[in-house]
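Colleague: coordinates only, no sequence provided:
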């Protein structure tokens, strides 16, 4: 890794800080060569503070360190991408990120679908929808639907109709998301178990 610190008169390069697990951007800081070297050596992200005009290890006062997992350069060798495991909130305001967003896993459309299911669950007694009706019928009915969809996936897996197999797979995943919430969990809870098993 050969960062080009000469591109900036102050010898500072931007460092984008990204959570290794969630892939969310947590903050932006600046590193000179000394900050980069200390980050790599200590495994705690260190910046050059333009305000304090000195090296500054994130968390040195709050204890909310950013533990280094990987550091790479962009194609021009003038911007760092720093993958970290954060301990506590990153922003001095107490927010998870410096953009006041939650640092939680995002599964794309599946996360949006989880939000829709959650809304339907909260309004199950007022709303007339398929999801609301399942929550009204209770955990036994929801679990039964997951079982039925699982059997249908198995049946379609043995045939050669890819379209039917994928549609049944989508039905199974949809009902599984409903079951998770009926039990008080989300995909993130399952993800954490898989991550811990992988270690």
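Modeller: Happy to help now that I have it. Note that the structure is predicted; figures quoted are calculated from it, not measured.
Colleague: those helices in the protein, which residues are they?
Modeller: Using DSSP state H, the helices assigned to the chain run over residues 33-42, 109-122, 130-137, 139-157, 162-182, 187-198.
Colleague: quick one: contacts of the last one?
Modeller: In other words, helix 187-198. For helix 187-198, contacts defined as C-beta atoms under 8 Å, 6 or more residues apart in numbering pick out 21, 104, 105, 107, 110, 111, 114, 177, 180. For the C-beta atoms, the positions are set from N, CA and C on the backbone; glycine is no exception.
Colleague: tabulate those (a markdown table), appending distance to residue 147.
Modeller: Converted to a markdown table, the contacts of helix 187-198 look like this (distance: C-beta to C-beta, whole Å):
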| residue | distance to residue 147 |
| --- | --- |
| 21 | 32 |
| 104 | 29 |
| 105 | 27 |
| 107 | 23 |
| 110 | 21 |
| 111 | 25 |
| 114 | 21 |
| 177 | 15 |
| 180 | 15 |
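Colleague: between those, which sits nearest residue 58?
Modeller: Distance to residue 58 across those (C-beta to C-beta) is lowest for residue 21, with 17.5 Å.
Colleague: look up how far residue 71 lies from the residue nearest to residue 103 when sequence neighbours are not counted.
Modeller: Of all residues not flanking residue 103 in the chain, residue 96 sits nearest, at 3.7 Å (C-beta to C-beta, 6 or more residues apart in numbering). Per C-beta to C-beta, to the nearest Å, residue 96 is found 21 Å from residue 71.
Colleague: gap between the spatially closest residue to residue 74 that is not a sequence neighbour and residue 14?
Modeller: If the residues on either side of it in the chain are set aside, residue 74 comes closest to residue 81, at 7.0 Å by C-beta to C-beta, 6+ apart. Residue 81 sits 10 Å away from residue 14, going by C-beta to C-beta.
Colleague: tell me the pLDDT of residue 10.
Modeller: On the pLDDT scale, residue 10 is placed at 85.
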